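> sequence first, then the predicted structure, then my questions.
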Amino acid sequence: VFFFLFLSMPRDSSVSMKTCYELYYWPSIQGRGEFVRLAFEEAGVPYVDVARLPAKRGGGVPAMTKLLESDALGLVPFAPPFLKVGSLLLGHTANILQYLGPRHGLVPDDEVSRLHAHQLQLSVTDFVAEIHDTHHPISVGLYYEDQKREAKKRASYFVKERLPLFLNYFERALVQNGGERFIGSAISYVDLSLFQVLVGLRYAFPKAMARVEKSTPKLVALADSVAARPRIAAYLASNRRLPFSEEDVFRHYPELDAKP
Ligand SMILES: N[C@@H](CCC(=O)N[C@@H](CS)C(=O)NCC(=O)O)C(=O)O
């Protein structure tokens, strides 16, 4: 039995037989946690999405809140998503991916590649914050309905200026690396994240995206190629992949999209 158990362990030698990844994120949305979920899914690495488990199995939002309120595990993260690996607690999406990437073949070995992957991921972080702020320009503590007027104004500049600026930048970075992958020649967590950004933006701003995507053909091809990867395709078809919604980071409010 032990021999069989050993044979069925992941082959990645950097992963100890006891590695148990616990992801903490809001259970009903894709949000920023999705960038981490996609990395686990592509790598075929088992993880526990703790807040999505029932409370009687130690899950739910209270389990997440409990960790955020505790000082027992050292530096406490500011907000979800965060990852627990044994006694290590790690916050910030880009930081979590920087940790997982080298351990699961989602970034090349050399230092420059890793720094550049992190650099691109930090630009994803900035971009996601701006996407979020289109529907919450005044405060995360207010409902969209209470900041609709400001959201409309903010989103009009976003779709006109920031959306093409960011996407054309990512297209350029992709082309600089040959046009198929962002870093090196194999899939990296940055490729997975740009897939998520693209599909999220298509959901949120279909009209603006139809326009902008004409000038980002490599990005479009990259997103298609990520969606077609066997593990990602299986994940997207599973009930682990939550639908987009108006509770999420990428929200579709027709009044915030580009004019026809
Ligand atoms: N830069 C952080 C941002 C984390 C973040 O804003 N998390 C959101 C959910 S997606 C949250 O729960 N924020 C609570 C708050 O800002 O008070 C990251 O990329 O992980």
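In hand now; what should we look at?

> now do the same contact list for E150.
Shown in contact with E150 (CB atoms under 8 Å, 6 or more residues apart in numbering): 137-138. For the C-beta atoms, the positions are set from N, CA and C on the backbone; glycine is no exception.

> thought R181 was touching Y189?
No. The pair R181 and Y189 does not pass the contact test of CB atoms under 8 Å, sitting 11.3 Å apart.

> higher neighbour count, these two?
Comparing R181 with Y189 by other CB atoms under 10 Å, the one with more neighbours is Y189, at 30 against 16.

> residue of the stretch 151-260 of the chain nearest the ligand, please.
V249 (6.0 Å; CB to the nearest ligand atom).

> that residue: neighbour count?
Using other CB under 10 Å, V249 has 20 neighbouring residues.

> and it, that one's in a helix?
No. Secondary structure assignment (DSSP: H, G, I helix; E, B strand; the rest coil) places V249 in coil, not in a helix.

> which sections of the stretch 1-150 of the chain are below the confidence cut-off?
Low-confidence segments of the stretch 1-150 of the chain (pLDDT under 70): 1-18.

> quick one: the strands in it?
Using DSSP state E, counting those that start in this stretch, the strands of the stretch 1-150 of the chain run over residues 21-24, 47-49, 82-85, 88-91.

> which one of those lies nearest to the ligand?
With respect to the ligand, and counting by CB to the nearest ligand atom, the nearest of the strands of the stretch 1-150 of the chain is strand 88-91 at 6.6 Å.

> picking up where we left off before, quick check: the residue of the stretch 151-260 of the chain closest to the ligand vs A51, distance?
The span separating V249 from A51 equals 16 Å under the rule CB to CB, to the nearest Å.

> dump the strands of the stretch 1-150 of the chain into TSV; add mean neighbour count and distance to the ligand as well.
Putting these into TSV (neighbours: other CB atoms under 10 Å; distance: least, CB to the nearest ligand atom, whole Å) gives the following:
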stretch	mean neighbour count	distance to the ligand
strand 21-24	22	10
strand 47-49	17	14
strand 82-85	21	8
strand 88-91	16	7
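
> among those strands, which comes closest to P230?
strand 47-49 (18.1 Å; CB to CB).

> which strands border that closest one, and is each parallel or antiparallel?
Taking DSSP bridges as the criterion, strand 47-49 pairs within the sheet with strand 21-24 (parallel).

> which residues of the stretch 1-150 of the chain lie near the ligand?
Within the stretch 1-150 of the chain, the positions near the ligand by CB under 6 Å from any ligand atom are 31-32, 79-81, 92-93, 125, 140.

> what sits against the residue lying closest to F205 once chain neighbours are set aside?
Distance criterion CB to CB, 6 or more residues apart in numbering; nearest residue to F205, sequence neighbours excluded, is D257 at 4.9 Å. For D257, the contacting residues are 155, 159, 204-208, by CB under 8 Å, 6+ apart.

> how near is D257 to Y203?
Applying CB to CB, the value for D257 to Y203 is 11 Å.

> now the end-to-end length of stretch 26-39.
17 Å (CA to CA, to the nearest Å).

> give me the contacts around the helix or strand containing A234.
Following DSSP states H and E, the helix or strand that holds A234 is helix 230-237. Outside helix 230-237, the residues within contact range by CB under 8 Å, 6+ apart are 37-38, 41-42, 44, 192, 195, 226-227, 241.

> can I have the buried ones of those as a ChimeraX selection?
For the buried members of the contacts of helix 230-237, the matching ChimeraX selection, counting by 16 or more other CB atoms under 10 Å, is:
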select :37,38,41,42,192,195,226
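
> ok, so of the contacts of helix 230-237, who is nearest M64?
For the contacts of helix 230-237, with M64 as the reference and CB to CB as the criterion, the closest is R37, at 15.0 Å.

> contact partners for that closest one?
For R37, the contact set (CB under 8 Å, 6+ apart) comprises 23, 30, 47, 49, 235, 240.
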